[in-house]
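Visitor: just coords:
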């Protein structure tokens, strides 16, 4: 008999969910790539897809107030941005109308591939972000913040991202952040930073999420049980075949 | 405004679904990889995941008659087999108990990675398939046939696959085939071959599926609209955020 720790309901749900440090999050990802032989392309696809499912859950098409189901997806230069690109592509498949702002393209061919996939899905890319925030409020139902993620050094945010954050802080439409809200430290919320309505944590929430009061989704239902155990993640049960769970 | 052909309900649903020839199926896949810059890893992950969702839909955990939610996944040496490996991994995440029989491992590192991912999820691998079919009937709730797929030459099936097909033809438990039932030609059902209860078509059904009378699922909800149009696939609408649709 196999040991299905999540099936027989032991331990997991009674222990508190772990909030990861920056180092722990990086260590889990490195282990997935090296020891478990996951590919970066595979992980980014799974995360981006699950982010789209979380957005569709938090903001169903029928709930959107604008005439068109528009969503602005702001993508950073690294992995968080690629997850945003995949999220946009799956949202398009779900009949949302994403528009992407991706000011700095990565030189990595993997990230470029994700960009081309969006372009070939006829998803529009903005060449600049309006500084007049009213234009953003009027045009989109929500903003997905897939900019800086856990890798960024939030004490030294450069242009164009510092300017985007100034704009986003004034936005009146909801913001959904991927993994770590841009401008926040992985381990600490930034009280003066953006204030997302939705946070989508990848694999396990990061320490900065422990005081988050908005809608919080956990995605990444693919983590090998040995990793969950090793890092004592105490993940909640995902219902049925859902790839997300609301925390 | 963008043209959301699947959202505004034009054309697609009124035109009959296309059944693809072997050449068309190969051409679509080649185009996805070359022009749309999808990666093989990404496609196999999406297909395998959607197959697991289809299996969970056709055979919910609560419907299984054996004491344990066991599933035997038979994986071939090429892409169809890798899709089976991914399917098994996602089934494990959904609390099924897959066992894999993967008699000939691929030399490609991509396929090897998918194998390691299953091994590291503690999914058991059989070293041989019992020829006494009663042992299979007794041990598993169903068999997933991810053996030969559309690439195989069904007029020249070699061992061990020819022997496996002899065994599977005698099986009393349901068989679910991925894309093309093993031993069938892509373009024609094999009346003397295995007779799956479930067929999971990837992207679009193949010609052999046109006379299939079992439960038929279509998966692969990621195809760019331009490809759907170019090959006149006339795909049905997928409900909500579902990654599969029952045909």
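Guide: In hand now; what should we look at? Please read all numbers here as calculations on a predicted model, not as lab measurements.
Visitor: With chain B in mind, check whether whatever helix or strand residue A:88 lives in reaches it.
Guide: In this structure, residue A:88 is located in helix A:79-93 according to DSSP states H and E. Yes: shown here: helix A:79-93 in contact with chain B (CB under 8 Å from any CB of the partner chain) through A:89-90, A:93. The C-beta positions use only the backbone N, C-alpha and C, and glycine is treated the same way.
Visitor: for chain A, what are the low-confidence residue spans?
Guide: A:1-13 (pLDDT under 70).
Visitor: how close does the one residue sitting closest to the centre of it sit to chain B?
Guide: Residue closest to the mean C-alpha point of chain A, counted by CA atoms, centre = their mean, is residue A:178 at 2.2 Å. Residue A:178 sits 17 Å away from chain B when distances are taken as CB to the nearest CB, to the nearest Å.
Visitor: Residue A:81 too?
Guide: 16 Å.
Visitor: Number of residues surrounding that residue?
Guide: When counting by other CB atoms under 10 Å in any protein chain shown, one arrives at 27 neighbours for residue A:81.
Visitor: Leaving out sequence neighbours, find the closest residue to it.
Guide: In space, and not counting its chain neighbours, residue A:81 is closest to residue A:75: 3.7 Å by CB to CB, 6 or more residues apart in numbering or on different chains.
Visitor: Ok, residue A:190 next?
Guide: residue A:184 (4.5 Å).
Visitor: same check, this time on residue A:51
Guide: In space, residue A:51 is closest to residue A:87, 4.1 Å off (CB to CB, 6+ apart).
Visitor: before we move on, what about residue A:232?
Guide: Nearest to residue A:232 is residue A:18, by CB to CB, 6+ apart, at 5.7 Å.
Visitor: That neighbour: what secondary structure?
Guide: coil (DSSP: H, G, I helix; E, B strand; the rest coil).
Visitor: So it is in contact with residue A:230, correct?
Guide: No: because the distance of 11.1 Å does not satisfy CB atoms under 8 Å, residue A:18 is recorded as not touching residue A:230.
Visitor: Comparing those two, which residue is more hemmed in?
Guide: Neighbour totals were compared for residue A:18 and residue A:230, and residue A:18 leads with 16 against 12 (other CB under 10 Å).
Visitor: In contact with that one, which residues?
Guide: A:204-205, A:231-234 (CB atoms under 8 Å, 6 or more residues apart in numbering or on different chains).
Visitor: Over to residue A:211?
Guide: Residue A:211 neighbours (CB under 8 Å, 6+ apart): residue A:189.
Visitor: ok, so what distance separates it from chain B?
Guide: In terms of CB to the nearest CB, residue A:211 sits 30 Å off from chain B.
Visitor: which residues in chain A form helices?
Guide: For chain A, the helices defined by DSSP state H cover A:22-34, A:40-58, A:79-93, A:109-119, A:133-139, A:161-170, A:225-230.
Visitor: Now render those helices as TSV, adding distance to residue A:145.
Guide: Shown next, in TSV, are the helices of chain A (distance: least, CB to CB, whole Å):
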stretch	distance to residue A:145
helix A:22-34	18
helix A:40-58	11
helix A:79-93	8
helix A:109-119	17
helix A:133-139	12
helix A:161-170	7
helix A:225-230	27
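Visitor: Identify the bridge partners of the residue nearest to residue A:239 when sequence neighbours are not counted.
Guide: Nearest residue to residue A:239, sequence neighbours excluded (CB to CB, 6+ apart): residue A:245, at 6.9 Å. Beta bridges link residue A:245 to residue A:218 when assigned by DSSP bridges.
Visitor: Okay, residue A:245 and chain B: tell me how far apart.
Guide: Residue A:245 sits at a distance of 13 Å from chain B (criterion: CB to the nearest CB).
Visitor: Report the angle between the helix holding residue A:88 and helix A:109-119.
Guide: Calculated by axes from the mean of the first three to the mean of the last three CA atoms, to 10 degrees, helix A:79-93 forms an angle of 20 degrees with helix A:109-119.
Visitor: when you compare where helix A:79-93 runs with where helix A:22-34 runs, what's the angle?
Guide: 70 degrees.
Visitor: Who are the packing partners of helix A:79-93?
Guide: helix A:40-58, strand A:70-75, strand A:97-101, helix A:109-119, strand A:142-146, strand A:175-178 (3 or more CB pairs under 8 Å, 6 or more residues apart in numbering or on different chains; DSSP states H and E).
Visitor: Does the third one reach chain B?
Guide: Which is strand A:97-101. Yes: under the criterion of CB under 8 Å from any CB, chain B is reached by strand A:97-101 at residue A:97.
Visitor: can you give me the offset of that strand from its chain's centre?
Guide: Chain-centre distance of strand A:97-101: 15 Å, with CA atoms, centre = their mean, to the nearest Å.
Visitor: Relative to that strand, what are the paired strands and their orientations?
Guide: Strand pairing (DSSP bridges) places strand A:97-101 next to strand A:70-75 (parallel), strand A:125-126 (parallel).
Visitor: What of the shortest one?
Guide: According to DSSP bridges, the neighbouring strands of strand A:175-178, each with its direction, are strand A:142-146 (parallel), strand A:198-202 (parallel).
Visitor: Hmm, residue A:106 and residue A:77 touching each other?
Guide: Yes: counting by CB under 8 Å, residue A:77 does reach residue A:106; the two are 5.5 Å apart.
Visitor: Looking at those two, which is more packed in?
Guide: It is residue A:77, of residue A:77 and residue A:106, that has more neighbours when counted by other CB under 10 Å, with 21 against 18.
Visitor: Find the nearest non-adjacent residue to that one, please.
Guide: Closest residue to residue A:77 apart from its sequence neighbours, by CB to CB, 6+ apart: residue A:104 at 4.3 Å.
Visitor: same question, residue A:85
Guide: Using CB to CB, 6+ apart and skipping the chain neighbours, the partner closest in space to residue A:85 is residue A:114 (4.3 Å).
Visitor: ok, that neighbour - how many residues close by?
Guide: Residue A:114: 28 surrounding residues under other CB under 10 Å.
Visitor: How about the contacts made by it?
Guide: A:44, A:48, A:82, A:85-86, A:89.
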